[in-house]
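Novice: Below is the structure, and that's it, no one-letter string:
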Ligand SMILES: [Zn+2]
């Protein structure tokens, strides 16, 4: 559509989660018109964050090592995986001290309006983790909003035929918000009262 490097920029932006073709174009043109110093600062921070922050190769949680603290901890229950959208949800759930299993960070939620489909999320990686049958329960702890619900429904359909227990957090979380905004007590209760996914 556009020439060479401009199209490359739009293509790269469009590969980001939550950025559809229209947003990619809008951000691309914004960058073309922006002050070179501003763009340089953005480029620098992108390179720096990649150099300094790593993600766990197992669960995609933020990690200072190849595997994160939770995955390395032998006291954590490897038979239960809690699926969350973002690593900040891991932080919120860890704060409740209610969960002793492991995590899987999807990297977002299904959102057709933003151009995010299942293939943009780490669902294939989740299926690979479940392949050996060691996991017996998957807790779907996506955000209590439209995108989170769509993601949980999609995963329920995908996971149930595998014959493992698929659960959702109990209701009571503030609807429409992010998991991380729920207070510890509410989130802890939602965890303890989890129920089979429909
Ligand atoms: Zn991990």
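Specialist: Arrived safely. Since this is a predicted model, take the numbers as computed values, not measurements.

Novice: which regions of the protein lie under the pLDDT threshold?
Specialist: Across the chain, the ranges flagged by pLDDT under 70 are 1, 176-177.

Novice: which parts of this structure sit against the ion?
Specialist: 56, 58, 59, 61, 68, 71 (C-beta under 5 Å from the ion). Where you see a C-beta, it was placed from the backbone N, CA and C, and this is true even at glycine.

Novice: Quick check, the fourth one in contact with residue 91.
Specialist: No: under the criterion of C-beta atoms under 8 Å, residue 61 is not in contact with residue 91, lying 9.3 Å apart.

Novice: Between these two, which has more neighbouring residues?
Specialist: residue 61 (24 against 13; other C-beta atoms under 10 Å).

Novice: Quick check: the gap between the more buried one and residue 86.
Specialist: Separation of residue 61 from residue 86 (C-beta to C-beta, to the nearest Å): 10 Å.

Novice: Overlap in contacts, these two.
Specialist: Residues touching both residue 61 and residue 86 (C-beta atoms under 8 Å, 6 or more residues apart in numbering): residue 105.

Novice: and the two most separated of the residues of the chain next to the ion?
Specialist: Using C-beta to C-beta, the two most remote members of these are 58 and 61, lying 8.4 Å apart.

Novice: Dump the residues of the chain next to the ion to CSV, plus secondary structure.
Specialist: Putting the residues of the chain next to the ion into CSV (DSSP: H, G, I helix; E, B strand; the rest coil) gives the following:
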residue, secondary structure
56, coil
58, coil
59, coil
61, coil
68, coil
71, helix
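
Novice: For PyMOL, write the select line for the buried members of those residues.
Specialist: Remark: buried members of these, expressed as a PyMOL selection using 16 or more other C-beta atoms under 10 Å:
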select buried, resi 56+58+59+61+68+71
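
Novice: Distance to residue 135 added to the residues of the chain next to the ion, as TSV?
Specialist: Below are the residues of the chain next to the ion laid out as TSV (distance: C-beta to C-beta, whole Å):
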residue	distance to residue 135
56	16
58	12
59	12
61	16
68	17
71	13
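
Novice: Please identify every residue contacting each of residue 58 and residue 61.
Specialist: 68, 71.

Novice: longest helix anywhere in the protein?
Specialist: Assignment by DSSP state H gives helix 36-52 as the longest helix of the chain.

Novice: list the helices and strands that helix packs on?
Specialist: With contacts defined as 3 or more C-beta pairs under 8 Å, 6 or more residues apart in numbering; DSSP states H and E, helix 36-52 has no helix or strand neighbours.
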